[in-house]
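Enquirer: after the sequence you'll find the predicted model.
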Amino acid sequence: MIRTAKENDVDILCENDRNIDKKEMLNLIRLERVYIMEEDGKFIGWLRYNLFWDNTPFMNMICLNDDRRGKGYGRQFVEFWEDEMRKLGYKNVLTSTASDEFAQHFYIKLGYNSIGGFLPIGRKFEIILSKKL
């Protein structure tokens, strides 16, 4: 099951997502930009997004518990998010991944195209991916 995160989910989200502080996570939850995946009522992953240029959904984070990876849950989660973005009237979505991560192949299988990238200081090259909905 995939659902929109609620404010009472903030602790489990922040416990698992160390890339964002609690205040910003609450902001995203209030904007309904965080989704939770559960199985049998148990938290198994999350997805959060924001708007790039204030007009294009950009998936900032998708993460599943290790024991759920490689079993189709990620595809299901991304497809759910894309459907939600279509319902909101968006025509394109974006995401990114480090060049040394397997995720780039995952996104390409889902129809995303590499449109460029950048080199953050002290990190690997980040690939920007886009998909028309």
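Expert: Received the coordinates, thanks.

Enquirer: could you list the buried residues of the helix ranked longest in the chain?
Expert: Ranked by residue count, the top helix of the chain under DSSP state H comes out as helix 73-87. Burial within helix 73-87, assessed by neighbour count using 16 or more other Cβ atoms under 10 Å, is assigned to 73-74, 77-78, 81-82, 84-85. (C-beta placed from N, C-alpha, C; glycine too.)

Enquirer: need those residues in JSON lines with distance to K124, can you?
Expert: Shown next, in JSON lines, are the buried residues of helix 73-87 (distance: Cβ to Cβ, whole Å):
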{"residue": "Y73", "distance to K124": "25"}
{"residue": "G74", "distance to K124": "20"}
{"residue": "F77", "distance to K124": "24"}
{"residue": "V78", "distance to K124": "22"}
{"residue": "W81", "distance to K124": "24"}
{"residue": "E82", "distance to K124": "26"}
{"residue": "E84", "distance to K124": "29"}
{"residue": "M85", "distance to K124": "27"}
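
Enquirer: who's in contact with the longest strand belonging to the chain?
Expert: Using DSSP state E, we find that the single longest strand of the chain is strand 42-52. Applying Cβ atoms under 8 Å, 6 or more residues apart in numbering, the external contacts of strand 42-52 come out as 5, 12-13, 16-17, 20, 25, 28, 33-38, 57-65, 68, 73, 77-78, 81, 94.

Enquirer: which among these count as buried?
Expert: 5, 13, 17, 20, 25, 28, 33-37, 57, 59-64, 68, 73, 77-78, 81, 94.
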